[in-house]
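Trainee: sequence plus predicted model, see below.
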Amino acid sequence: MTGPIIVGVDGSAPSVAAVGWAADDAARVGAELRIVHVLDRPPYEIFTGQQDPLRRAAARMLADAESAVRARQPAVKVSARTVEGAPAAVLRELEASEVVVGNRGVGEFAGALLGSVTMEVAARARCPVVVVRAEPCAETGVIGVGVDDSDTCEPALGYAFARARSYGATLRPVHAWQVPVHAFAPEISYDLDEVREARQRAVSARLAPWRARFPDVEVVEDVQNAHPIDALTGVACDLVVVGSHGRGALGSLFLGSVSRGVLHHARCPVAVVRPQE
């Protein structure tokens with residue numbers, strides 16, 4: 001992989017968990033880790049030098065995060081810095097191989113599953129974005145990845161296979177399908193076994209080049225008659241990888257409905273991998 005892993009911190013419990021996850025990921029893949037705090041300064045607050053309380057608080061936060069990384073993964077090369085600006089805009093534009101963020105930050109509505117900064121970074125960053133929750137999940141040795149009928153899942157598959165090899169994990173490609181409901185033609189019926197077999201063949205064909213490229217990765221294909229969000233969030237995993245269907249100048253502002261649903265409901269970290277523009 002090229003470029004550092006960047007983790008955003010703001011002092012919230014999810015961002016603390018994100019630092020730990022990013023440290024472990026950097027150790028597994030041999031990447032440099034950069035801890036970034038984005039100082040979103042109110043326009044009426046003007047301080048300079050040692051009198052700047054926001055800068056002092058940010059320095060303490062970064063020092064704590066850096067110390068935690070060194071204690072957890074001493075071999076990882078780590079640095080920390082403060083950048084002023086709008087958090088989402090800064091994090092999504094940084095040059096990185098991966099950006100790691102908590103699912104919501106300081107000041108977000110307590111009942112919210114995802115914060116606005118997290119959503120924007122996941123939808124618009126040019127590199128993979130991993131969203132981490134504060135609540136720990138039990139380790140399973142499994143990485144899940146969504147597989148669909150479009151080429152937009154290819155970058156997600158590449159990321160998932162590479163991570164499965166680095167982690168020594170089993171890869172579980174999940175494909176979900178549903179029989180169309182024809183409200184005005186209820187007499188239309190389907191051979192479910194035939195549909196299932198056709199879907200299985202399509203999934204196997206899409207995975208074949210990746211299996212050849214990563215022969216050391218154990219793959220367990222999972223083809224389900226279910227809604228994609230239910231299928232992807234119902235599998236116990238250490239990480240779930242999804243693609244994004246945002247297209248064009250406007251489409252890139254939004255995540256696909258499945259990616260957004262998985263981000264909201266998955267109990268483990270979720271990686272969103274967008275196609276390269």
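Mentor: It's in.

Trainee: skipping its backbone neighbours, what lies nearest residue 174 in space?
Mentor: Once flanking residues are discounted, residue 174 sits nearest to residue 222: 4.7 Å by C-beta to C-beta, 6 or more residues apart in numbering. C-beta coordinates here come from the backbone N, C-alpha and C atoms, glycine included.

Trainee: please look at the one you found and residue 235 and confirm they touch.
Mentor: Yes - assessed by C-beta atoms under 8 Å, residue 222 is found in contact with residue 235 at 6.8 Å.

Trainee: any residues in contact with both of the two?
Mentor: Residues within reach of residue 222 and of residue 235 at once, by C-beta atoms under 8 Å, 6 or more residues apart in numbering, are 172, 174.

Trainee: now the residue nearest to residue 174: how far from residue 83?
Mentor: Taken as C-beta to C-beta, to the nearest Å, the spacing of residue 222 relative to residue 83 amounts to 41 Å.

Trainee: ok, the two, which is more surrounded?
Mentor: Neighbours were counted for residue 222 and for residue 83 using other C-beta atoms under 10 Å; residue 222 has more, 18 against 14.

Trainee: show me the contacts for the more buried one.
Mentor: 172, 173, 174, 175, 231, 235.

Trainee: swap the cut-off to 10 Å and go again
Mentor: 144-145, 147, 172-176, 203, 231-232, 234-235 (C-beta atoms under 10 Å, 6 or more residues apart in numbering).

Trainee: which of those sit farthest apart?
Mentor: Pairwise distances across the contacts of residue 222 (C-beta to C-beta) peak at 17.3 Å, for the pair 203 and 234.

Trainee: look at those two and report which has more neighbours.
Mentor: When neighbours are counted by other C-beta under 10 Å, residue 203 and residue 234 differ, and residue 203 comes out ahead with 20 against 17.

Trainee: quick one, phi psi at the more buried one?
Mentor: phi -70, psi -50 (degrees, to the nearest 10).

Trainee: one step back: can you redo the contacts of residue 222 as TSV with secondary structure, distance to residue 77 and pLDDT?
Mentor: Formatted as TSV, these follow (DSSP: H, G, I helix; E, B strand; the rest coil; distance: C-beta to C-beta, whole Å; pLDDT from 0 to 100):
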residue	secondary structure	distance to residue 77	pLDDT
144	strand	29	97
145	strand	28	97
147	coil	34	93
172	strand	32	97
173	strand	33	96
174	strand	34	95
175	strand	38	93
176	strand	40	90
203	helix	39	93
231	helix	38	93
232	helix	33	93
234	coil	38	93
235	coil	34	88
